[in-house]
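Participant: For reference, the sequence and a predicted model appear below.
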Amino acid sequence: MAAATGENGVSGATAVAGGAQRSRGRPSRKEAEAIDRSVLEAARESFLAHGFTATTMDAIAARAGVTKATLYQRYDDKVAMLRAVLHERVAAWSAVSDRRAVNRGDTLDKRLEHYARSITRWSRDPEVRSFGELIRECWGTARAVAEEMQTIRVTRMLDVIEKDIREFGPKAGVTAANPRLIAELFLGMIGGVHRYLEDSGQADDAAIAQLCLDQAVNIFVAGKSAW
């Protein structure tokens, strides 16, 4: 089993798992956690490099430097492995979003502008885009996981926006009759702006994208008396 990186070209995940696996008997809690991390890293690398269909549990085990028995002790199958990888990434992205939340502003208008920009920023993130491609592949091969990830992604954003509409709407002189519906319409509008930018070939022009988003948010907020 590979035990070092560089000279023999094994991944960092392999080296970590290999070091933990060399201990005799049952691994310590620290060693088990290291194996868990290396398995998730190996699975993430494999799924992104080869896609869900072409990735095998054998390949993940080899990349992580663990036995198949060790892998199957943690995950029943490739679908469970994919689910764990996606949940780990969503948690990591959410943590970053939470740290950025301090800049959301203290009015409903500013917060909606922040969410529009945040959604756009994440849509351009290389890792997020790669996982988006992976999830699209899974609609045909692991539909349950794809649906689960879609629900998690959309529900989390809707919850945040709905909460702000309830809290900051009255401060702006509006009490929405159905805050959840307003949040859904807002996300739908931002999605529509993104599709327009993609279709018009302007998605990579940050200045144009920002102008379109700001105008869309202004129009949306201007109609808040109808909420």
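Facilitator: That came through fine. Computed from a predicted structure; not experimentally measured.
Participant: residue closest to the middle of this protein?
Facilitator: Centroid check for the chain by Cα atoms, centre = their mean gives residue 90 as the closest residue, at 3.9 Å.
Participant: Contacts only, for it.
Facilitator: Residues in contact with residue 90 (Cβ atoms under 8 Å, 6 or more residues apart in numbering) are 149, 152, 153. Quick note: C-beta positions are derived from backbone N, CA and C, even for glycine.
Participant: again, only using 10 Å
Facilitator: 131, 149, 152, 153, 156 (Cβ atoms under 10 Å, 6 or more residues apart in numbering).
Participant: now do residue 219
Facilitator: Contacts of residue 219 (Cβ under 10 Å, 6+ apart): residue 189.
Participant: still on that earlier bit, helix/strand/coil for the residue nearest to the centre of the chain?
Facilitator: helix (DSSP: H, G, I helix; E, B strand; the rest coil).
Participant: So residue 209 is in contact with residue 202, correct?
Facilitator: Yes - using Cβ atoms under 10 Å, residue 209 makes contact with residue 202 at a distance of 6.8 Å.
Participant: where does the chain dip in pLDDT?
Facilitator: 1-25, 101-102 (pLDDT under 70).
Participant: picking that back up, just want to know which of residue 209 and residue 202 has more residues nearby.
Facilitator: Between residue 209 and residue 202, residue 209 has the larger neighbour count (other Cβ atoms under 10 Å), namely 20 against 15.
Participant: what about the nearest residue in space to the more buried one that is not next to it in sequence, how many residues close to it?
Facilitator: Closest residue to residue 209 apart from its sequence neighbours, by Cβ to Cβ, 6 or more residues apart in numbering: residue 197 at 5.6 Å. Counted by other Cβ under 10 Å, the residues lying close to residue 197 total 19.
Participant: my guess is residue 197 meets residue 205, correct?
Facilitator: Yes - Residue 197 is in contact with residue 205 according to Cβ under 10 Å; the separation is 8.0 Å.
Participant: Distance of residue 211 relative to residue 202?
Facilitator: Here residue 211 is placed at a distance of 10 Å from residue 202 (Cβ to Cβ, to the nearest Å).
Participant: just the helices in the chain please.
Facilitator: Taking DSSP state H as the criterion, the chain carries its helices at 12-21, 29-54, 57-64, 68-74, 78-100, 108-124, 126-141, 143-168, 179-199, 206-222.
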